[in-house]
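In: After the sequence you'll find the predicted model.
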Amino acid sequence: KNFLILPSWIESPKEYQDKNIIKLDPGLAFGDGDHPSTCLCLEMMEDKAIVSKKILDIGCGSGILSIAAKKLGAGEISSIDNDYLSIKSIKENIALNFNNQEGFQIYFGDFFETTHKFFLKNYDYILCNIIAGVIQEIIPYIPKLMNQNGIIILSGIISSQKEDIIKLLNLYNFKIDQVVSKKDWICIQACTIK
């Protein structure tokens, strides 16, 4: 509803000046805003109170979700990816949208090693738009990274994988808040049960 994603070489159309404009040059990294899983994440993020919140973007790709979070007023944003091209891409895309990288911490490496090495924790929101198999591997570790009222937004899940992901979330004491779908893709919002 509120975002307009533009390739870096296109000027912002005047009729869309009231939109939250994200300039993007995805290059070889995933995340140009066109894929249903990315759209679902952005739509879910739009309705959240993200101002001044601490965000973790796992598998950041082009950085689209991290940039969107900053445009929505997020405070500290940590972005992780194990693909060098994604790290290069997110840095370039942050530069397209902001005067500096203030508020962003970008980590190149494996999720498990990075979160442990840099003591990443106390996140208000965790965003993860990657494949379901990887999501299943990291779910058991997510509660250690969240604050008491933390929310996780998971996407990159196809319809047939939805129930398995929900069962695993329930197993690790998450309450499912919202499930939305688009073109056979699913996005799940959950929070930790107190």
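Out: Looks like it came in fine.
In: Do a quick rundown of the helices in this structure.
Out: With DSSP state H, the ranges of helices along the chain come out as 36-46, 64-71, 84-97, 111-117, 132-138, 162-171.
In: Go through the chain and flag its longest strand.
Out: Longest strand of the chain, by residue count under DSSP state E: strand 146-158.
In: Adjacent strands (with direction) for that one?
Out: The pairing partners recorded for strand 146-158 under DSSP bridges are strand 123-129 (parallel), strand 185-192 (antiparallel).
In: who's in contact with the longest one?
Out: Okay, so that is strand 185-192. If you take C-beta atoms under 8 Å, 6 or more residues apart in numbering as the criterion, strand 185-192 is touched by 35-37, 40-41, 43-44, 143, 146, 148-159, 161-162, 165-166, 169, 173-181. Every residue, glycine included, has its C-beta placed from N, CA and C.
In: The same query, at a cut-off of 7 Å, please.
Out: The list of residues contacting strand 185-192 from outside it, by C-beta atoms under 7 Å, 6 or more residues apart in numbering, reads 36-37, 40-41, 44, 143, 146, 150-155, 157-159, 162, 165-166, 169, 173-180.
In: Residue 20: how many residues sit nearby?
Out: Number of residues near residue 20 (other C-beta atoms under 10 Å) recorded here: 16.
In: check contacts around it.
Out: When contacts are counted by C-beta under 7 Å, 6+ apart, residue 20 touches 2, 3, 71.
In: isn't the first one right next to residue 46, touching?
Out: Yes. At 5.3 Å, residue 2 and residue 46 qualify as touching, with contact defined as C-beta atoms under 7 Å.
In: just to revisit the earlier point, for the longest strand of the chain, buried residues please.
Out: Buried residues in strand 146-158, counted by 16 or more other C-beta atoms under 10 Å: 146, 150, 151, 152, 153, 154, 155, 156, 157.
In: and if you look at stretch 113-131?
Out: 114, 115, 120, 123, 124, 125, 126, 127, 128, 129, 130.
In: ok, and what's touching stretch 105-113?
Out: 58, 78-82, 84, 87, 90-91, 114, 118, 138, 141.
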